[in-house]
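This is the structure alone, sequence omitted:
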DNA sequence: CGGATGAGTATAGTTTATATATCCATCATC
DNA sequence: GATGATGGATATATAAACTATACTCATCCG
């Protein structure tokens, strides 16, 4: 079966499962095929997945049968939610949006400056080639009030939950640091690398963060949390790169959970706090 | 031009722009076409986008020309980064991954329980049909230590940055609330709605959060932040649903920025704090 | 009871793709 | 400097996919 046909069958199945129905017009709109072709696709789908399709003459819609069994995709909530985000304008163009009757939805607005495509492309090239690149970077440190050209040797990208950064060896400070992508204004001149990716120990080393239910919660609540995080003996371990530990703490509000937040808002706390703090201190040095 | 052909040309362009090169094998692998067809596609691409393609005989690779001008896609960093996330196993299956030589990368691990696809499907059905549904929900409140069946009338989905929830009218508490999707264990029985979507004022009303650079930052840093957020007169406005205000505050650490964090980690603060707190109090009532 | 809508199907013709084969250039290796 | 491996271009014949057009049928709405 050709790739395009397979995609259309997958689309039919997606719509059946998530939106409860599909008709020819949907296929025509999504793939720009002719109306008879859409008919054929539906017939073909019925052949390949017998019994999944029921035509509701009154609603003029093909509906999923009660014993619907997907064969062209694995239904996954996160896939659907990714489409939803896409429909919301989240990433614009990574996927074709397959939703017709999307529910009303909203994601938290995260204000920030765009990442420049040309900049990202040049940085990626430097990573691929194992070379250095000069970045016109707007630092937040007090020492560097204006953007400056900095030679760096990038080797990886990281996402802290709010934004993407490049992990790179800084030729000025002679160590590996994170550079927020949206603060990279422009790039120039590739050159010789200042360090090898394998030298970035904080990136490669991971620390096992032990999470436990917040002890400020009631007994029963703690057991719920333990289920939620699939804990064993009241503990869950999450491996986090040392270079990411700081963000991990901030994002999950692990640093202030016990002090400021209402306990039921902070489900988990770090149970190996001493080791965690030591690892964090090492990463921040 | 047929949909499949168009997609392949788009793919060629994507690879040219983001990965610097492409060859026939890439097309064959991605779309399961024959080798001659891949040749034809490249010829066709050269026809449609003259001058973009340069064959490097030594590298055995088609490369992007220096004056490469995309015609089948708009290069966008967020699109690339979305593919990267996908490659990382983030959303599994929403998009075809188009990356071959992805850089090393990592996102912050967010531990949580999966959302059940069947549950989400049933909830979506209730939203579409404007009906209620019973959810076996594991609350975190001390009053409800065990999961309980609750009739709710859902009307929208929300994402707080860490997880998705359903916005729904709770038939037990007689008000609109957020139900974390991963805490919905199972569903049953659709029924009559308890309220209309339009009654959910906190969802529909938005509050204009005024953001200003953190005053603890130096003059020059503040002006950088102002650029970053595209502020006018040192202020940026972000419209946030009242039902989302609480998450907004937590996620951006606006509540503790001035107290606990190093100022250079918290770029912005709320400048209409009194109104913000009032709106928040209203939303939490 | 029309009329509109959406589905199914048949025909003929076009486009797209396959399989197979042949040829060519580059490069690494001996 | 011959050899083989790799990747690309092209030709031919055939098959599959798809379009355009046309006609039929069923259901629902006013």
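On my side now, so go ahead. Here the structure is a predicted model, which means the values were calculated and not measured.

which residues does the nearest residue to residue A:42 once chain neighbours are set aside form a beta bridge with?
Among residues not flanking residue A:42 along the chain, residue A:62 sits closest, at 6.4 Å (CB to CB, 6 or more residues apart in numbering or on different chains). Where you see a C-beta, it was placed from the backbone N, CA and C, and this is true even at glycine. Here residue A:62 sits in beta bridges with residue A:22, residue A:55, going by DSSP bridges.

What does the pLDDT read for residue A:62?
At residue A:62, the model reports a pLDDT of 93.

for residue A:59, same thing?
84.

Against residue A:185, how distant is the nearest residue to residue A:186 once chain neighbours are set aside?
Leaving aside its chain neighbours, residue A:186 sits nearest to residue A:136 (4.7 Å; criterion: CB to CB, 6+ apart). According to CB to CB, to the nearest Å, residue A:136 stands 5 Å off from residue A:185.

Overlap in contacts, these two.
residue A:147 (CB atoms under 8 Å, 6 or more residues apart in numbering or on different chains).

Now do residue A:103 against DNA strand D, distance only.
Using CB to the nearest atom of the strand, to the nearest Å, residue A:103 is found at 24 Å from DNA strand D.

wait, isn't that residue in contact with residue B:166?
No - between residue A:103 and residue B:166 there is no contact under CB atoms under 8 Å: 9.0 Å.

Quickly list what's touching both of these two.
In contact with both residue A:103 and residue B:166: B:156-157, using CB under 8 Å, 6+ apart.

more crowded one of those two?
Neighbours per residue (other CB atoms under 10 Å in any protein chain shown) separate residue A:103 from residue B:166, with residue B:166 holding more: 27 against 18.

so which strand or helix has the more buried one?
strand B:164-170 (DSSP states H and E).

Adjacent strands (with direction) for that strand?
Under the rule (DSSP bridges), strand B:164-170 has strand B:148-159 (antiparallel), strand B:175-180 (antiparallel) as partners.

contacting residues for the residue nearest to residue A:191 when sequence neighbours are not counted?
Nearest residue to residue A:191 in three dimensions, chain neighbours excluded: residue A:132, at 4.6 Å (CB to CB, 6+ apart). By CB under 8 Å, 6+ apart, the contact list for residue A:132 reads A:126, A:151-153, A:169, A:171, A:190-194.

same question, residue A:23
A:60-62.

Can you name the residues of the stretch 51-200 of chain A sitting close to DNA strand D?
Counting by CB under 7 Å from any atom of the strand, the stretch 51-200 of chain A comes close to DNA strand D at A:57-58.

For the stretch 51-200 of chain A, which residues score under the pLDDT cut-off?
A:89-95 (pLDDT under 70).

Could you give the average pLDDT over the helix ranked longest in chain A?
Secondary structure of chain A per DSSP state H: the longest helix is helix A:3-19. For helix A:3-19, mean pLDDT rounds to 93.

secondary structure element for whichever residue of chain A sits closest to DNA strand D?
DNA strand D sits closest to residue A:58 of chain A, with a gap of 2.7 Å, by CB to the nearest atom of the strand. Per DSSP H and E: residue A:58 is located in neither a helix nor a strand.

Around it, how many other residues sit close by?
By other CB under 10 Å, neighbour count at residue A:58 equals 6.

How about the one 10 residues further on?
As a burial measure, residue A:68 scores 17 neighbours (other CB under 10 Å).

Assumed it was part of a helix.
No - Residue A:68: not assigned to a helix; according to DSSP: H, G, I helix; E, B strand; the rest coil it is coil.

In contact with it, which residues?
Going by CB under 8 Å, 6+ apart, residue A:68 touches A:16-17, A:52.

what's near enough to touch residue A:268?
A:211-214, A:225, A:229, A:236, A:252, A:254, B:111.

now, which of the residues you listed lie within strands?
Of the positions in these, A:211-213, A:236 sit in strands, assigned by DSSP state E.

and the residues you listed as a markdown table, adding pLDDT?
As requested, those are exported to a markdown table (pLDDT from 0 to 100):
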| residue | pLDDT |
| --- | --- |
| A:211 | 92 |
| A:212 | 92 |
| A:213 | 90 |
| A:236 | 91 |
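
same for DNA strand D: which of those residues are within range?
Okay, of the ones in strands among the contacts of residue A:268, nothing touches DNA strand D (CB under 7 Å from any atom of the strand).

Grab the two from those that are most spread out in space.
Greatest spacing in these, by CB to CB: A:213 and A:236 (9.4 Å).

of those two, who's got more company?
Neighbours were counted for residue A:213 and for residue A:236 using other CB under 10 Å; residue A:213 has more, 26 against 20.

so that one makes contact with residue A:220?
No - contact between residue A:213 and residue A:220 fails when scored by CB under 8 Å: they sit 10.6 Å apart.

quick one: buried residues of stretch A:216-230?
A:217, A:221-226, A:228-229 (16 or more other CB atoms under 10 Å in any protein chain shown).

can you pull the contacts of the closest residue to residue A:102 other than its chain neighbours?
Setting aside the residues directly before and after it, residue A:102 is nearest to residue A:87 in space (CB to CB, 6+ apart), at 5.1 Å. Contacts of residue A:87 were listed using CB under 8 Å, 6+ apart, and they are A:97, A:99, A:102.

so how far is residue A:128 from the last one?
Shown here: residue A:102 relative to residue A:128, a distance of 37 Å by CB to CB.
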